[in-house]
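*Asks:* Here you go, sequence then predicted model.
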Amino acid sequence: MTSFAEYQHRRQQFMEKIGTGTAIFKSAAMAVMHNDVEYAFRQDSDFFYLTGFNEADAVAVFAPHHEEHRFILFVQPKDPEKETWSGYRVGVDQAKAVYGADEAYPIAELDEKLPQYLQKADRIYYRFGRDIGFNHQVIRHWQQLLRVYPKNGTGPIAIQDVGTILHPFRLVKSQSELALMRRAAEISVKAHNHAREFTRPGLCEYEIQAEIEYIFQSQGGTAAYPSIVASGANACILHYIENQRQMQSGELLLIDAGCSYQYYNADITRTFPVDGRFTPEQKIIYELVLQAQVAAIEQIKPENPYQQVHETAVRVLVEGLLDLGLLTGDIEEVIKEEKYKPFYMHRTGHWLGLDVHDVGVYQWGEDPQPLWPGQVLTVEPGIYIGPGIQPIEGQPAVDPRWHGIGVRIEDDVLVTETGYEVLTAGVPKAVAAMER
Ligand code: GLY
Ligand code: MN
Ligand code: MN
(Lines give C-alpha, C1' and ligand atoms only; values in the text may rest on other atoms or scores of the structure.)
(Ligands and ions follow the chains in the order given, each with its own letter.)
Protein backbone atom coordinates (compact mmCIF):
# COMPACT_ATOMS: atom_id res chain seq x y z
CA MET A 1 0.00 0.00 0.00
CA THR A 2 1.19 3.42 -0.81
CA SER A 3 1.18 5.62 2.30
CA PHE A 4 -0.65 8.90 2.73
CA ALA A 5 2.74 10.57 3.20
CA GLU A 6 3.92 9.30 -0.16
CA TYR A 7 0.89 10.67 -1.99
CA GLN A 8 1.49 13.98 -0.22
CA HIS A 9 5.11 13.93 -1.28
CA ARG A 10 4.13 13.25 -4.91
CA ARG A 11 1.66 16.12 -4.88
CA GLN A 12 4.24 18.41 -3.31
CA GLN A 13 6.85 17.61 -5.95
CA PHE A 14 4.33 17.96 -8.75
CA MET A 15 3.00 21.29 -7.47
CA GLU A 16 6.51 22.69 -7.16
CA LYS A 17 6.86 22.05 -10.89
CA ILE A 18 3.58 23.58 -11.98
CA GLY A 19 4.13 26.66 -9.81
CA THR A 20 1.83 29.34 -11.16
CA GLY A 21 -0.27 26.99 -13.28
CA THR A 22 -3.34 24.92 -12.43
CA ALA A 23 -3.56 21.24 -13.28
CA ILE A 24 -6.79 19.36 -13.97
CA PHE A 25 -7.15 15.57 -13.99
CA LYS A 26 -10.28 13.62 -14.87
CA SER A 27 -10.83 10.18 -13.39
CA ALA A 28 -11.32 7.22 -15.69
CA ALA A 29 -14.88 6.68 -16.88
CA MET A 30 -17.00 3.91 -15.50
CA ALA A 31 -17.01 1.45 -18.40
CA VAL A 32 -20.55 0.40 -19.21
CA MET A 33 -21.46 -2.40 -21.56
CA HIS A 34 -24.87 -2.21 -23.18
CA ASN A 35 -27.77 -3.52 -21.14
CA ASP A 36 -26.40 -1.86 -18.04
CA VAL A 37 -23.65 -4.32 -17.20
CA GLU A 38 -20.61 -2.64 -15.72
CA TYR A 39 -17.04 -3.72 -16.24
CA ALA A 40 -14.60 -3.51 -13.36
CA PHE A 41 -13.51 0.09 -12.88
CA ARG A 42 -9.85 0.95 -13.32
CA GLN A 43 -8.72 4.40 -12.29
CA ASP A 44 -6.70 6.57 -14.65
CA SER A 45 -3.03 6.10 -13.75
CA ASP A 46 -2.11 9.81 -13.49
CA PHE A 47 -5.13 10.43 -11.30
CA PHE A 48 -4.29 7.47 -9.12
CA TYR A 49 -0.60 8.36 -8.84
CA LEU A 50 -1.37 11.75 -7.32
CA THR A 51 -4.46 10.94 -5.26
CA GLY A 52 -4.86 7.22 -4.58
CA PHE A 53 -8.55 7.97 -5.13
CA ASN A 54 -10.27 5.09 -6.80
CA GLU A 55 -13.67 6.23 -8.03
CA ALA A 56 -15.15 7.24 -11.37
CA ASP A 57 -16.77 10.58 -12.04
CA ALA A 58 -14.20 12.63 -10.16
CA VAL A 59 -11.90 15.53 -10.98
CA ALA A 60 -8.70 16.49 -9.18
CA VAL A 61 -7.42 20.08 -9.38
CA PHE A 62 -4.01 21.32 -8.27
CA ALA A 63 -3.64 25.06 -7.76
CA PRO A 64 -0.42 25.68 -5.81
CA HIS A 65 -0.81 29.45 -6.16
CA HIS A 66 -4.31 29.57 -4.65
CA GLU A 67 -4.48 31.23 -1.24
CA GLU A 68 -6.51 28.55 0.50
CA HIS A 69 -6.79 25.36 -1.53
CA ARG A 70 -3.94 23.70 -3.35
CA PHE A 71 -5.45 20.25 -3.84
CA ILE A 72 -9.15 20.08 -4.64
CA LEU A 73 -11.28 17.01 -5.30
CA PHE A 74 -14.65 16.93 -7.03
CA VAL A 75 -16.34 13.61 -6.25
CA GLN A 76 -19.65 11.80 -6.37
CA PRO A 77 -21.55 12.67 -3.20
CA LYS A 78 -22.80 10.02 -0.80
CA ASP A 79 -26.10 8.57 -2.01
CA PRO A 80 -27.33 5.43 -0.23
CA GLU A 81 -29.65 4.43 -3.06
CA LYS A 82 -27.04 4.78 -5.83
CA GLU A 83 -24.41 3.13 -3.63
CA THR A 84 -26.66 0.09 -3.33
CA TRP A 85 -26.44 -0.34 -7.09
CA SER A 86 -22.91 0.64 -7.97
CA GLY A 87 -20.90 0.51 -4.79
CA TYR A 88 -19.50 2.52 -1.94
CA ARG A 89 -18.60 6.15 -2.47
CA VAL A 90 -16.07 8.01 -0.36
CA GLY A 91 -18.17 11.16 -0.49
CA VAL A 92 -17.26 14.81 -0.10
CA ASP A 93 -16.30 14.89 3.59
CA GLN A 94 -14.11 11.82 3.48
CA ALA A 95 -12.40 13.08 0.33
CA LYS A 96 -10.83 15.69 2.58
CA ALA A 97 -10.28 13.58 5.67
CA VAL A 98 -8.97 10.43 4.02
CA TYR A 99 -7.42 11.67 0.76
CA GLY A 100 -5.98 14.90 2.07
CA ALA A 101 -7.80 17.32 -0.22
CA ASP A 102 -7.78 20.92 1.05
CA GLU A 103 -11.30 21.26 -0.29
CA ALA A 104 -13.83 18.87 -1.81
CA TYR A 105 -17.08 19.44 -3.68
CA PRO A 106 -19.76 17.32 -5.31
CA ILE A 107 -18.85 16.76 -8.96
CA ALA A 108 -22.05 18.54 -10.01
CA GLU A 109 -20.51 21.81 -8.76
CA LEU A 110 -17.47 21.62 -11.02
CA ASP A 111 -18.54 24.36 -13.44
CA GLU A 112 -19.39 26.69 -10.61
CA LYS A 113 -16.29 26.12 -8.46
CA LEU A 114 -13.54 25.52 -11.01
CA PRO A 115 -13.06 29.15 -12.25
CA GLN A 116 -11.75 30.39 -8.89
CA TYR A 117 -8.83 27.93 -9.24
CA LEU A 118 -8.08 28.92 -12.82
CA GLN A 119 -8.41 32.68 -12.93
CA LYS A 120 -5.01 33.48 -11.43
CA ALA A 121 -3.16 30.64 -13.13
CA ASP A 122 -0.88 31.52 -16.04
CA ARG A 123 -1.56 28.21 -17.74
CA ILE A 124 -3.69 25.09 -17.50
CA TYR A 125 -2.01 21.71 -17.30
CA TYR A 126 -4.28 19.07 -18.76
CA ARG A 127 -4.04 16.00 -20.97
CA PHE A 128 -6.67 15.83 -23.66
CA GLY A 129 -8.13 12.36 -23.41
CA ARG A 130 -10.84 10.09 -24.67
CA ASP A 131 -13.55 11.91 -22.73
CA ILE A 132 -14.47 14.37 -25.47
CA GLY A 133 -17.17 15.97 -23.34
CA PHE A 134 -14.70 16.75 -20.60
CA ASN A 135 -12.12 18.05 -23.08
CA HIS A 136 -14.74 20.53 -24.24
CA GLN A 137 -15.59 21.46 -20.68
CA VAL A 138 -11.96 22.41 -20.03
CA ILE A 139 -11.78 24.39 -23.26
CA ARG A 140 -15.02 26.17 -22.41
CA HIS A 141 -13.63 27.29 -19.05
CA TRP A 142 -10.46 28.44 -20.70
CA GLN A 143 -12.35 30.41 -23.35
CA GLN A 144 -14.40 32.16 -20.69
CA LEU A 145 -11.21 33.23 -18.96
CA LEU A 146 -9.62 34.34 -22.23
CA ARG A 147 -12.63 36.53 -22.85
CA VAL A 148 -11.99 38.52 -19.66
CA TYR A 149 -8.20 38.46 -20.04
CA PRO A 150 -8.04 41.96 -21.57
CA LYS A 151 -9.92 43.36 -18.61
CA ASN A 152 -7.92 41.54 -15.89
CA GLY A 153 -4.55 40.92 -17.46
CA THR A 154 -4.41 37.59 -15.64
CA GLY A 155 -5.51 34.09 -16.43
CA PRO A 156 -4.26 31.09 -18.35
CA ILE A 157 -2.85 31.86 -21.77
CA ALA A 158 -2.02 28.28 -22.72
CA ILE A 159 -2.91 24.68 -22.12
CA GLN A 160 0.13 22.47 -21.67
CA ASP A 161 0.07 18.69 -21.69
CA VAL A 162 0.35 17.70 -18.04
CA GLY A 163 2.29 14.58 -18.96
CA THR A 164 5.35 16.71 -19.73
CA ILE A 165 5.47 17.59 -16.02
CA LEU A 166 4.09 14.52 -14.30
CA HIS A 167 5.45 11.64 -16.33
CA PRO A 168 9.13 12.17 -15.53
CA PHE A 169 8.15 11.55 -11.90
CA ARG A 170 6.23 8.40 -12.78
CA LEU A 171 9.17 7.11 -14.80
CA VAL A 172 11.37 6.75 -11.68
CA LYS A 173 9.84 4.35 -9.18
CA SER A 174 9.91 4.87 -5.43
CA GLN A 175 10.64 2.11 -2.93
CA SER A 176 6.95 1.56 -2.27
CA GLU A 177 6.19 1.38 -5.98
CA LEU A 178 9.01 -1.11 -6.40
CA ALA A 179 7.61 -3.22 -3.58
CA LEU A 180 4.32 -3.50 -5.51
CA MET A 181 6.13 -4.20 -8.77
CA ARG A 182 8.16 -6.93 -7.08
CA ARG A 183 4.94 -8.48 -5.83
CA ALA A 184 3.37 -8.31 -9.33
CA ALA A 185 6.55 -9.91 -10.70
CA GLU A 186 6.59 -12.61 -8.04
CA ILE A 187 2.99 -13.66 -8.77
CA SER A 188 3.69 -13.64 -12.50
CA VAL A 189 6.81 -15.78 -12.01
CA LYS A 190 4.76 -18.32 -10.12
CA ALA A 191 2.14 -18.40 -12.87
CA HIS A 192 4.68 -18.85 -15.66
CA ASN A 193 6.51 -21.62 -13.83
CA HIS A 194 3.27 -23.45 -13.21
CA ALA A 195 2.12 -22.98 -16.82
CA ARG A 196 5.34 -24.45 -18.18
CA GLU A 197 5.08 -27.51 -15.95
CA PHE A 198 1.39 -27.95 -16.73
CA THR A 199 1.69 -27.72 -20.54
CA ARG A 200 1.48 -30.89 -22.60
CA PRO A 201 0.28 -31.86 -26.09
CA GLY A 202 -3.50 -32.12 -26.41
CA LEU A 203 -4.31 -29.29 -24.02
CA CYS A 204 -5.89 -26.16 -25.40
CA GLU A 205 -4.33 -22.72 -25.15
CA TYR A 206 -7.24 -21.47 -23.02
CA GLU A 207 -6.54 -24.16 -20.42
CA ILE A 208 -3.08 -22.71 -19.91
CA GLN A 209 -4.57 -19.22 -19.78
CA ALA A 210 -6.97 -20.37 -17.06
CA GLU A 211 -4.14 -21.85 -14.97
CA ILE A 212 -2.17 -18.61 -15.24
CA GLU A 213 -5.03 -16.28 -14.47
CA TYR A 214 -6.17 -18.48 -11.58
CA ILE A 215 -2.82 -17.83 -9.96
CA PHE A 216 -3.04 -14.08 -10.61
CA GLN A 217 -6.53 -13.88 -9.17
CA SER A 218 -5.93 -16.14 -6.20
CA GLN A 219 -2.99 -13.95 -5.14
CA GLY A 220 -5.05 -10.76 -5.23
CA GLY A 221 -4.05 -9.71 -8.73
CA THR A 222 -5.59 -9.63 -12.18
CA ALA A 223 -4.25 -10.05 -15.70
CA ALA A 224 -2.39 -6.84 -16.56
CA TYR A 225 -3.41 -7.27 -20.24
CA PRO A 226 -5.10 -10.02 -22.24
CA SER A 227 -2.86 -13.06 -21.81
CA ILE A 228 -1.27 -14.34 -25.00
CA VAL A 229 -1.07 -18.14 -25.11
CA ALA A 230 0.07 -18.85 -28.63
CA SER A 231 1.04 -22.31 -29.85
CA GLY A 232 2.72 -23.17 -33.13
CA ALA A 233 2.45 -20.49 -35.80
CA ASN A 234 0.12 -18.46 -33.56
CA ALA A 235 3.30 -17.30 -31.83
CA CYS A 236 4.04 -15.27 -34.95
CA ILE A 237 0.91 -13.17 -34.38
CA LEU A 238 2.07 -10.49 -31.97
CA HIS A 239 -1.33 -9.77 -30.41
CA TYR A 240 -2.82 -13.27 -30.54
CA ILE A 241 -5.35 -13.43 -27.69
CA GLU A 242 -7.95 -15.88 -28.99
CA ASN A 243 -6.19 -18.73 -27.17
CA GLN A 244 -8.50 -21.37 -28.66
CA ARG A 245 -6.17 -23.82 -30.32
CA GLN A 246 -5.26 -27.33 -29.23
CA MET A 247 -1.51 -27.68 -28.78
CA GLN A 248 0.37 -30.36 -30.66
CA SER A 249 3.57 -32.23 -30.06
CA GLY A 250 6.53 -30.67 -31.87
CA GLU A 251 5.29 -27.11 -31.45
CA LEU A 252 6.44 -24.21 -29.36
CA LEU A 253 4.18 -22.39 -26.94
CA LEU A 254 4.67 -18.65 -26.45
CA ILE A 255 3.11 -17.24 -23.28
CA ASP A 256 3.03 -13.49 -22.77
CA ALA A 257 1.19 -12.87 -19.50
CA GLY A 258 1.65 -10.62 -16.51
CA CYS A 259 -0.09 -9.85 -13.27
CA SER A 260 -1.37 -6.47 -12.19
CA TYR A 261 -1.13 -6.06 -8.43
CA GLN A 262 -2.60 -2.99 -6.79
CA TYR A 263 -2.31 -1.20 -10.11
CA TYR A 264 1.36 -2.11 -10.74
CA ASN A 265 2.20 -4.47 -13.57
CA ALA A 266 4.50 -7.25 -14.61
CA ASP A 267 4.96 -8.34 -18.22
CA ILE A 268 6.69 -11.66 -18.93
CA THR A 269 7.09 -13.78 -22.05
CA ARG A 270 8.50 -17.26 -22.26
CA THR A 271 8.57 -19.68 -25.18
CA PHE A 272 9.13 -23.41 -24.74
CA PRO A 273 8.36 -26.71 -26.51
CA VAL A 274 4.90 -28.14 -25.79
CA ASP A 275 6.31 -31.67 -25.46
CA GLY A 276 9.50 -30.67 -23.68
CA ARG A 277 11.88 -31.09 -26.64
CA PHE A 278 13.01 -28.40 -29.09
CA THR A 279 13.38 -29.39 -32.73
CA PRO A 280 16.84 -28.41 -34.06
CA GLU A 281 15.42 -25.35 -35.86
CA GLN A 282 13.42 -24.24 -32.82
CA LYS A 283 16.47 -24.57 -30.62
CA ILE A 284 18.61 -22.48 -32.97
CA ILE A 285 16.07 -19.67 -33.05
CA TYR A 286 15.46 -19.87 -29.31
CA GLU A 287 19.17 -19.65 -28.53
CA LEU A 288 19.54 -16.67 -30.80
CA VAL A 289 16.69 -14.76 -29.17
CA LEU A 290 18.04 -15.63 -25.73
CA GLN A 291 21.50 -14.41 -26.69
CA ALA A 292 20.00 -11.13 -27.94
CA GLN A 293 17.94 -10.70 -24.78
CA VAL A 294 20.87 -11.33 -22.44
CA ALA A 295 23.12 -8.97 -24.42
CA ALA A 296 20.43 -6.27 -24.38
CA ILE A 297 19.91 -6.60 -20.62
CA GLU A 298 23.64 -6.25 -20.09
CA GLN A 299 23.45 -2.75 -21.57
CA ILE A 300 21.28 -1.61 -18.70
CA LYS A 301 23.08 0.68 -16.31
CA PRO A 302 22.76 4.33 -15.30
CA GLU A 303 23.56 6.84 -18.04
CA ASN A 304 23.54 4.34 -20.89
CA PRO A 305 21.06 5.52 -23.54
CA TYR A 306 17.75 3.67 -23.57
CA GLN A 307 18.20 3.18 -27.31
CA GLN A 308 21.29 1.05 -26.77
CA VAL A 309 19.14 -1.77 -25.38
CA HIS A 310 17.20 -2.04 -28.64
CA GLU A 311 20.22 -1.54 -30.85
CA THR A 312 22.12 -4.29 -29.08
CA ALA A 313 19.26 -6.76 -29.46
CA VAL A 314 18.90 -5.93 -33.16
CA ARG A 315 22.61 -6.39 -33.81
CA VAL A 316 22.74 -9.82 -32.16
CA LEU A 317 19.60 -10.97 -33.97
CA VAL A 318 20.84 -9.75 -37.34
CA GLU A 319 24.24 -11.38 -36.89
CA GLY A 320 22.49 -14.65 -36.11
CA LEU A 321 20.07 -14.41 -39.04
CA LEU A 322 23.00 -13.66 -41.38
CA ASP A 323 24.92 -16.68 -40.06
CA LEU A 324 21.88 -18.87 -40.65
CA GLY A 325 21.45 -17.57 -44.19
CA LEU A 326 17.99 -16.27 -43.37
CA LEU A 327 19.31 -12.82 -44.27
CA THR A 328 22.11 -11.87 -46.62
CA GLY A 329 24.29 -8.82 -47.14
CA ASP A 330 26.40 -6.42 -45.15
CA ILE A 331 25.41 -6.27 -41.50
CA GLU A 332 25.52 -2.46 -41.29
CA GLU A 333 23.30 -2.15 -44.35
CA VAL A 334 20.85 -4.80 -43.13
CA ILE A 335 20.52 -2.89 -39.85
CA LYS A 336 20.36 0.58 -41.36
CA GLU A 337 17.78 -0.41 -43.96
CA GLU A 338 15.89 -2.55 -41.47
CA LYS A 339 15.97 -5.60 -43.70
CA TYR A 340 15.48 -7.73 -40.61
CA LYS A 341 11.96 -6.39 -40.10
CA PRO A 342 10.08 -9.40 -41.55
CA PHE A 343 11.63 -11.39 -38.66
CA TYR A 344 11.67 -8.75 -35.93
CA MET A 345 9.17 -5.93 -36.32
CA HIS A 346 8.70 -4.49 -32.83
CA ARG A 347 10.74 -2.51 -30.33
CA THR A 348 12.82 -4.37 -27.75
CA GLY A 349 10.88 -3.03 -24.80
CA HIS A 350 9.00 -0.29 -23.01
CA TRP A 351 8.77 1.40 -19.65
CA LEU A 352 6.74 -0.54 -17.10
CA GLY A 353 4.83 0.66 -14.04
CA LEU A 354 1.28 1.79 -13.34
CA ASP A 355 0.66 1.22 -17.04
CA VAL A 356 1.97 -1.82 -18.87
CA HIS A 357 3.26 0.45 -21.60
CA ASP A 358 4.17 3.05 -19.05
CA VAL A 359 4.61 6.76 -19.52
CA GLY A 360 7.96 8.39 -20.19
CA VAL A 361 10.01 9.55 -23.13
CA TYR A 362 12.37 7.15 -24.95
CA GLN A 363 14.35 9.62 -27.00
CA TRP A 364 14.65 13.44 -27.08
CA GLY A 365 14.90 14.17 -30.77
CA GLU A 366 18.50 13.27 -31.58
CA ASP A 367 19.41 13.17 -27.90
CA PRO A 368 19.21 9.96 -25.91
CA GLN A 369 17.08 9.32 -22.86
CA PRO A 370 19.65 8.11 -20.36
CA LEU A 371 18.77 5.20 -18.11
CA TRP A 372 18.40 6.16 -14.49
CA PRO A 373 18.15 4.21 -11.22
CA GLY A 374 14.54 3.45 -10.39
CA GLN A 375 13.33 3.09 -13.97
CA VAL A 376 11.79 -0.25 -14.91
CA LEU A 377 11.76 -1.47 -18.48
CA THR A 378 10.94 -4.66 -20.32
CA VAL A 379 13.47 -6.36 -22.57
CA GLU A 380 11.64 -8.52 -25.09
CA PRO A 381 13.34 -9.37 -28.36
CA GLY A 382 11.85 -12.04 -30.60
CA ILE A 383 12.02 -13.74 -33.96
CA TYR A 384 8.84 -14.54 -35.86
CA ILE A 385 8.87 -16.72 -38.96
CA GLY A 386 5.20 -16.90 -39.90
CA PRO A 387 4.25 -19.36 -42.66
CA GLY A 388 3.51 -16.39 -44.92
CA ILE A 389 6.73 -14.48 -44.19
CA GLN A 390 7.67 -12.13 -47.05
CA PRO A 391 11.38 -11.31 -47.20
CA ILE A 392 12.35 -7.84 -48.29
CA GLU A 393 13.31 -7.58 -51.98
CA GLY A 394 16.77 -8.96 -52.62
CA GLN A 395 16.64 -11.19 -49.54
CA PRO A 396 16.42 -14.99 -49.80
CA ALA A 397 13.15 -16.93 -49.59
CA VAL A 398 12.79 -18.65 -46.23
CA ASP A 399 13.18 -22.43 -46.30
CA PRO A 400 9.91 -24.00 -45.07
CA ARG A 401 11.75 -25.87 -42.32
CA TRP A 402 11.80 -22.58 -40.41
CA HIS A 403 8.15 -21.77 -40.97
CA GLY A 404 5.84 -21.39 -38.01
CA ILE A 405 8.57 -20.70 -35.45
CA GLY A 406 7.88 -17.72 -33.21
CA VAL A 407 10.00 -16.99 -30.14
CA ARG A 408 9.94 -14.07 -27.71
CA ILE A 409 11.64 -13.82 -24.32
CA GLU A 410 10.61 -10.94 -22.07
CA ASP A 411 11.80 -9.88 -18.64
CA ASP A 412 11.19 -6.83 -16.45
CA VAL A 413 14.37 -5.06 -15.46
CA LEU A 414 15.03 -2.44 -12.80
CA VAL A 415 17.85 0.04 -13.36
CA THR A 416 19.93 0.08 -10.17
CA GLU A 417 22.71 2.40 -8.98
CA THR A 418 25.33 0.15 -10.52
CA GLY A 419 23.54 -1.74 -13.27
CA TYR A 420 20.36 -3.75 -13.32
CA GLU A 421 18.22 -6.25 -11.47
CA VAL A 422 15.94 -8.64 -13.35
CA LEU A 423 12.69 -8.58 -11.38
CA THR A 424 11.37 -11.63 -13.21
CA ALA A 425 14.51 -13.78 -12.97
CA GLY A 426 12.52 -16.47 -11.16
CA VAL A 427 11.24 -17.85 -14.48
CA PRO A 428 14.05 -19.84 -16.05
CA LYS A 429 14.98 -19.22 -19.66
CA ALA A 430 18.10 -21.33 -20.30
CA VAL A 431 17.57 -23.91 -23.05
CA ALA A 432 17.98 -26.81 -20.65
CA ALA A 433 15.31 -25.42 -18.32
CA MET A 434 12.82 -25.13 -21.17
CA GLU A 435 13.18 -28.83 -21.95
CA ARG A 436 12.12 -31.82 -19.94
N1 GLY B 1 2.33 -7.82 -23.31
C2 GLY B 1 2.47 -6.58 -23.94
C3 GLY B 1 3.87 -6.31 -24.26
O4 GLY B 1 4.69 -7.19 -24.15
O5 GLY B 1 4.22 -5.22 -24.58
MN1 MN C 1 4.50 -8.86 -22.88
MN1 MN D 1 6.05 -5.95 -22.96
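*Replies:* Okay, I see it. Ligands and ions are numbered 1, 2, ... in the order given.

*Asks:* which non-adjacent residue is nearest the closest residue to ligand 1 within the stretch 101-250 of the chain?
*Replies:* Here the stretch 101-250 of the chain gets closest to ligand 1 at one residue, Tyr225, 5.1 Å apart by CB to the nearest ligand atom. For the C-beta atoms, the positions are set from N, CA and C on the backbone; glycine is no exception. Among residues not flanking Tyr225 along the chain, Val356 sits closest, at 5.3 Å (CB to CB, 6 or more residues apart in numbering).

*Asks:* how about low-confidence regions in this structure?
*Replies:* Residue ranges of the chain with pLDDT under 70: 31-36, 38.

*Asks:* Quick check: phi and psi on the residue lying farthest from the centre of it?
*Replies:* What lies farthest from the middle of the chain is Lys151; by CA atoms, centre = their mean that is 45.5 Å. Note on Lys151: its backbone torsions stand at phi -80, psi -40 [degrees, to the nearest 10].

*Asks:* Relative to Ala266, how far out is it?
*Replies:* From Lys151 over to Ala266 the distance is 54 Å, taken as CB to CB, to the nearest Å.

*Asks:* what's the residue nearest in space to the middle of the chain in contact with, if anything?
*Replies:* Central residue of the chain (CA atoms, centre = their mean): Val356, 1.6 Å from the mean position. By CB atoms under 8 Å, 6 or more residues apart in numbering, Val356 lies in contact with Ala224, Tyr225, Gly258, Ser260, Asn265, Asp267, His350.

*Asks:* tell me the secondary structure for it?
*Replies:* The local conformation at Val356, judged by DSSP: H, G, I helix; E, B strand; the rest coil, is coil.

*Asks:* All the helices of the stretch 301-436 of the chain, residue numbers only.
*Replies:* 307-323, 331-336, 431-434 (DSSP state H, counting those that start in this stretch).

*Asks:* typo on my end, the stretch 51-200 of the chain
*Replies:* 80-86, 91-97, 110-113, 115-118, 132-152, 163-171, 175-198.

*Asks:* Of those, flag the one that's most buried.
*Replies:* Mean neighbours per residue, mean count of other CB atoms under 10 Å, is largest over the helices of the stretch 51-200 of the chain for helix 175-198, with a mean of 20.

*Asks:* Kindly tell me how buried Ile124 is, as a neighbour count.
*Replies:* For Ile124, the neighbour count with other CB atoms under 10 Å is 24.

*Asks:* now Leu110: how far from Asp131?
*Replies:* Taken as CB to CB, the span from Leu110 to Asp131 is 13 Å.

*Asks:* and what of Gln116?
*Replies:* 23 Å.

*Asks:* Am I right that Leu203 is in contact with Gln248?
*Replies:* No. The criterion here is CB atoms under 8 Å, and Leu203 misses it with Gln248 at 10.2 Å.

*Asks:* Compare neighbour counts for the two and give me the winner.
*Replies:* Between Leu203 and Gln248, counting by other CB under 10 Å, Leu203 is the more crowded of the two (16 against 12).

*Asks:* Backbone torsions only: list them for the nearest residue to the more buried one once chain neighbours are set aside.
*Replies:* Spatial nearest neighbour of Leu203, chain neighbours left out: Met247 (5.7 Å); criterion: CB to CB, 6+ apart. Recorded main-chain torsions at Met247 are phi -80, psi 140, according to degrees, to the nearest 10.

*Asks:* Please shift the residue numbers so they start at 58 in all later answers.
*Replies:* Renumbered: residue one is now 58, and that last one reads Met304.

*Asks:* Based on its surroundings, how many neighbours for Met304?
*Replies:* Neighbour count of Met304, defined by other CB under 10 Å: 24.

*Asks:* Glu390 now?
*Replies:* Count around Glu390 with other CB under 10 Å applied: 9.

*Asks:* May I have the distance across stretch 282-295, first residue to last?
*Replies:* 13 Å (CA to CA, to the nearest Å).

*Asks:* where along the stretch 308-457 of the chain do the strands fall?
*Replies:* Taking DSSP state E, counting those that start in this stretch as the test, the strands found in the stretch 308-457 of the chain are 309-314, 316-318, 321-322, 325-330, 420-421, 424-425, 433-436, 439-442.

*Asks:* In the stretch 208-357 of the chain, what residue lies closest to ligand 3?
*Replies:* At 4.1 Å from ligand 3, Asp324 is the closest residue in the stretch 208-357 of the chain, using CB to the ion.

*Asks:* ok, that residue touching Ile312?
*Replies:* No. If you go by CB under 8 Å, Asp324 and Ile312 don't touch, sitting 11.7 Å apart.

*Asks:* Report the contact partners of the one residue in the stretch 358-493 of the chain that gets nearest to ligand 2.
*Replies:* Going by CB to the ion, ligand 2 is nearest to Glu467 of the stretch 358-493 of the chain, at 5.0 Å. The contact partners of Glu467, taken as CB under 8 Å, 6+ apart, are Asp313, Asp324, Ile325, Thr326, Arg327, Gln350, Gly406, Thr435, Val436, Glu437.

*Asks:* Also Glu478?
*Replies:* By CB under 8 Å, 6+ apart, the neighbours of Glu478 are Val470, Leu471.

*Asks:* same thing but 6 Å
*Replies:* Leu471 (CB atoms under 6 Å, 6 or more residues apart in numbering).

*Asks:* For stretch 433-440, which residues meet the burial criterion?
*Replies:* Buried positions in stretch 433-440, judged by neighbour count with 16 or more other CB atoms under 10 Å: Val433, Leu434, Thr435, Val436, Glu437, Pro438, Gly439, Ile440.

*Asks:* again with stretch 112-127
*Replies:* In stretch 112-127, counting by 16+ other CB under 10 Å, buried: Glu112, Ala113, Ala115, Val116, Ala117, Val118, Phe119, Ala120, Pro121, His123, His126, Arg127.

*Asks:* How many neighbouring residues does the spatially closest residue to the second one that is not a sequence neighbour have?
*Replies:* Nearest residue to Ala113, sequence neighbours excluded (CB to CB, 6+ apart): Met87, at 3.9 Å. Counted with other CB under 10 Å, residues neighbouring Met87 total 15.
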